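Participant: okay, here's the prediction I keep looking at, along with the sequence it came from:
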Number of protein chains: 2
Amino acid sequence: MSIENEIAAPHLKDDGQRHRAADNVFQHVVELIDSGVLAEGAPLPSEREISETCAVSRTVVREAVLALSNKGLIDARPGYRPIVRKANYDTAFETVDSVVSRLLMQPGGIRNLFDTRIMIEASLVRQAAAEAGKNDIAALQNALNANEAAIDDSERFYQTDIAFHAALFEVPQNPLMPAIHKAYTSWLAPQWSRMPRLPDRNRSNFIAHKEIFDAILMRDPDRAEQALRNHLAAAWTQVEQSFDES
Amino acid sequence: MSIENEIAAPHLKDDGQRHRAADNVFQHVVELIDSGVLAEGAPLPSEREISETCAVSRTVVREAVLALSNKGLIDARPGYRPIVRKANYDTAFETVDSVVSRLLMQPGGIRNLFDTRIMIEASLVRQAAAEAGKNDIAALQNALNANEAAIDDSERFYQTDIAFHAALFEVPQNPLMPAIHKAYTSWLAPQWSRMPRLPDRNRSNFIAHKEIFDAILMRDPDRAEQALRNHLAAAWTQVEQSFDES
DNA sequence: TGCTTCGTTTGGTCTGACCAAAACAGATTA
DNA sequence: TAATCTGTTTTGGTCAGACCAAACGAAGCA
């Protein structure tokens, strides 16, 4: 109870940067995670314990834990012990969720997001048309079949629709892409859900999917891109209509 | 001092969801911002004041403020009054910064991110080639000129290089795109900065820029995309080399 | 073995206090 | 009058100790 007190010594204003004590605790926990002392899924030490080992008050520990939670490094459901969370690409998008939803509120926000999606997915289908392997084709075929089988069940159609696009995002075998797709669907879902589900719309959407797939099969990037753009443009029109109605 | 106490009443376990008191304060401040009571750039009420109006302790207010800060809704430099921050697309990317940097550490992380950039920018130059307006062309031409003029000044070349790509991201007139570009450059900058700056590399990079620009000028999407891909692939090779050396 | 029970741990909140830095207002000076 | 210095007040950052309710865990019971 003599050595470790240096840490708590509050008299020195650290060189250039402002360091709140919470930042140190934050860093400390991060290092625990990086060094493997705290494995993925493991619960953090209790707040009281951390406050002891870091020689700070529990207030500070709470701040650090909250920051950890907000940054998606740990999973802190209220009432439960915080759990160390593996840093994957999905969590990155989840942490921006609240900001994004605010951005989508402002005029044109949804359109802007949707446009980037068109952009990415256009590039995606081009690439798929150029270099999709057998497995990719098979996955797309399966997704397409499931989509066709669900034409009369709007709820299932919605799911298989998403799954078809998801299959596209799998083609580059880049773990970022599925995360991006997930983010798009979750952010744009509120707009989709207000659309009426009509079987003939399902049919036309399925046809659009099929055109994309066929173009990929024929290794025709231009046609694939065009089909994709038509498809998404049509989807946007439907969303806009449901906006006008409300 | 009688009515508002209902809020503080801690006896009822709210229906389904867990609500920490901090969430209420969080929400309260968010509404203050949305309703315009707190304009952009305005300082928040003091913690003590908020704790009074919300009938909670300062502890809770601090937690809420910290959460606001972590989500990028306010700008809370330590020691200063928190400032309401306009929700723009840049802040969205900034809030993921710490998570992303951790993701980039893991094997292949940088490559995966870089690949998505190639994807987006490929789509970008295609679009530019297809529908860039006079202003876009002029902006690109200016950026290209500045780039050429800086060939012998590696530091300035680096800046104009970024500026050229930035001009590309401006073409769609989608406010998300410049933010995306900014995020890419800031995340990939650490890799770039370790590269040796050689004038002949500058020259070849400039030539690559010129090829992209010329293809756009000739409204040739395929050539533009190919030039862009070659350019970025070469850039990646350079990065890889500097990796091997270290 | 499976389930209930009851003390313990732990997160969430509150109170009240202290310090140093920032903001402010007033006096002083150029 | 404008700029500067100075002292007071406000405010954020931190601490200590306390209470509650829910989660946890182990002992006890069926």
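Facilitator: Everything's here; your move. Everything quoted here is computed from the prediction, not taken from an experiment.
Participant: state the distance from A:Ala132 to A:Leu124.
Facilitator: 10 Å (Cβ to Cβ, to the nearest Å). C-betas here are computed from N, CA, C, even on glycine.
Participant: hey, what's in contact with both of these two?
Facilitator: Common neighbours of A:Ala132 and A:Leu124 (criterion: Cβ atoms under 8 Å, 6 or more residues apart in numbering or on different chains): A:Val171.
Participant: more neighbours: these two, which one.
Facilitator: A:Leu124 (25 against 21; other Cβ atoms under 10 Å in any protein chain shown).
Participant: which neighbouring elements make contact with the helix or strand where the more buried one lies?
Facilitator: Take DSSP states H and E as the rule and A:Leu124 turns out to sit in helix A:109-131. Applying 3 or more Cβ pairs under 8 Å, 6 or more residues apart in numbering or on different chains; DSSP states H and E, one finds that helix A:109-131 contacts helix A:97-105, helix A:154-170, helix A:176-193, helix A:199-217, helix A:221-245, helix B:109-131, helix B:176-193.
Participant: and the ones you listed: which comes nearest DNA strand C?
Facilitator: When the helices and strands packed on helix A:109-131 are compared by Cβ to the nearest atom of the strand, helix A:97-105 sits nearest DNA strand C, at 17.8 Å.
Participant: buried residues of that closest one, list them for me.
Facilitator: A:Ser98, A:Val99, A:Val100, A:Arg102, A:Leu103, A:Leu104 (16 or more other Cβ atoms under 10 Å in any protein chain shown).
Participant: following the lowest-mean-pLDDT helix or strand in chain A, which helix or strand shows up next?
Facilitator: Lowest by mean pLDDT, DSSP states H and E among the helices and strands of chain A is helix A:5-8, with a mean of 31. Next helix or strand after helix A:5-8 toward the C-terminus (DSSP H and E): helix A:21-34.
Participant: tell me the contacts of A:Ala166?
Facilitator: By Cβ under 8 Å, 6+ apart, the contact set of A:Ala166 is A:Ala143, A:Pro178, A:His181.
Participant: what is the burial count for the last one?
Facilitator: By that I understand A:His181. 21.
Participant: I'd assumed A:Ala167 was in contact with it.
Facilitator: No - using Cβ atoms under 8 Å, A:His181 is not in contact with A:Ala167; the gap is 9.6 Å.
Participant: any idea how far A:Ile110 lies from A:Arg102?
Facilitator: For A:Ile110 relative to A:Arg102 (Cβ to Cβ), the value is 12 Å.
Participant: and chain A, what are its domains?
Facilitator: Domain segmentation of chain A under automatic domain parsing yields A:5-86, A:94-245.
Participant: picking up where we left off before, can you name the next helix or strand after the helix holding A:Leu124?
Facilitator: helix A:134-149.
Participant: what's A:Asp75 sitting at in phi/psi?
Facilitator: A:Asp75 adopts backbone torsions of phi -110, psi 100, taken as degrees, to the nearest 10.
Participant: what pLDDT does the nearest residue to A:Asn205 once chain neighbours are set aside get?
Facilitator: Nearest in space to A:Asn205, with sequence neighbours left out and distances taken as Cβ to Cβ, 6 or more residues apart in numbering or on different chains, is A:Asp161 at 6.3 Å. pLDDT for A:Asp161: 90.
Participant: show me which residues of chain A sit near DNA strand C.
Facilitator: A:10-11, A:13, A:44, A:46-49, A:58-59, A:62, A:65, A:76, A:78-82 (Cβ under 7 Å from any atom of the strand).
Participant: and the buried ones among those residues, selectable in PyMOL?
Facilitator: To isolate the buried members of the residues of chain A next to DNA strand C in PyMOL, using 16+ other Cβ under 10 Å:
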select buried, chain A and resi 44+47+62+65+76+82
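Participant: give the contact list for A:Ala92.
Facilitator: Applying Cβ under 8 Å, 6+ apart to A:Ala92 gives the contacts A:Gly72, A:Ala179, B:Val96, B:Val99, B:Val100, B:Leu103.
Participant: what's the most distant pair in those residues?
Facilitator: A:Gly72 and A:Ala179 (12.4 Å; Cβ to Cβ).
Participant: isn't A:Ile212 right up against A:Pro221?
Facilitator: No - counting by Cβ under 8 Å, A:Ile212 sits too far from A:Pro221 to count as a contact (11.3 Å).
Participant: among those two, which residue is more densely surrounded?
Facilitator: Relative neighbour count places A:Ile212 above the other of A:Ile212 and A:Pro221, with 28 against 21, counting by other Cβ under 10 Å.
Participant: grab the nearest non-local neighbour of the more buried one.
Facilitator: A:Ala227 is the one closest to A:Ile212 (Cβ to Cβ, 6+ apart), at 4.5 Å.
Participant: repeat that for A:His209.
Facilitator: Using Cβ to Cβ, 6+ apart, the nearest residue to A:His209 is A:Phe164, at 5.3 Å.
Participant: check A:Glu40 too.
Facilitator: A:Lys86 (4.3 Å).
Participant: of the helices and strands packed on helix A:109-131, which is nearest B:Ser35?
Facilitator: Comparing those by Cβ to Cβ, helix A:97-105 comes nearest, at 13.0 Å.
Participant: who's in contact with that closest one?
Facilitator: A:109-110, A:113, A:186-187, B:71-73, B:87-89, B:91-92, B:95.
Participant: likewise for stretch A:185-204?
Facilitator: For stretch A:185-204, the surrounding residues in contact (Cβ under 8 Å, 6+ apart) are A:97, A:100-101, A:104, A:110, A:113-114, A:117, A:150-152, A:154-155, A:157-158, A:162, A:165, A:234, A:238-239, A:242, A:246.
Participant: one more time with 7 Å, if that's ok
Facilitator: Residues from elsewhere that reach stretch A:185-204 (Cβ atoms under 7 Å, 6 or more residues apart in numbering or on different chains): A:100, A:104, A:110, A:113-114, A:151-152, A:154, A:157, A:162, A:238-239, A:242.
Participant: likewise stretch A:55-69?
Facilitator: Contacts of stretch A:55-69 (Cβ under 7 Å, 6+ apart): A:4-5, A:7-8, A:21-22, A:25-26, A:29, A:47-48, A:50-51, A:74, A:76, A:82, B:63, B:66-67, B:70.
Participant: looking only at neighbour counts, state which of A:Gly72 and A:Ala179 leads.
Facilitator: Per other Cβ under 10 Å, whichever of A:Gly72 and A:Ala179 has more neighbours is A:Gly72, with 22 against 19.
Participant: identify the residues contacting that one.
Facilitator: Neighbours of A:Gly72 in contact, by Cβ under 7 Å, 6+ apart: A:Arg85, A:Thr91, A:Glu94, A:Thr95, B:Val99.
Participant: how is it assigned, secondary-structure-wise?
Facilitator: Three-state call for A:Gly72 (DSSP: H, G, I helix; E, B strand; the rest coil): coil.
Participant: ramachandran angles for it?
Facilitator: Dihedral angles of A:Gly72 (phi, psi; degrees, to the nearest 10) stand at phi 80, psi 10.
Participant: same question, the one 5 residues further on
Facilitator: A:Arg77 has phi and psi values of phi -70, psi 140 when expressed as degrees, to the nearest 10.
Participant: up against DNA strand D, what does chain A have?
Facilitator: Counting by Cβ under 7 Å from any atom of the strand, chain A sits next to DNA strand D at A:8, A:10, A:20-22, A:55-60, A:63, A:79-81.
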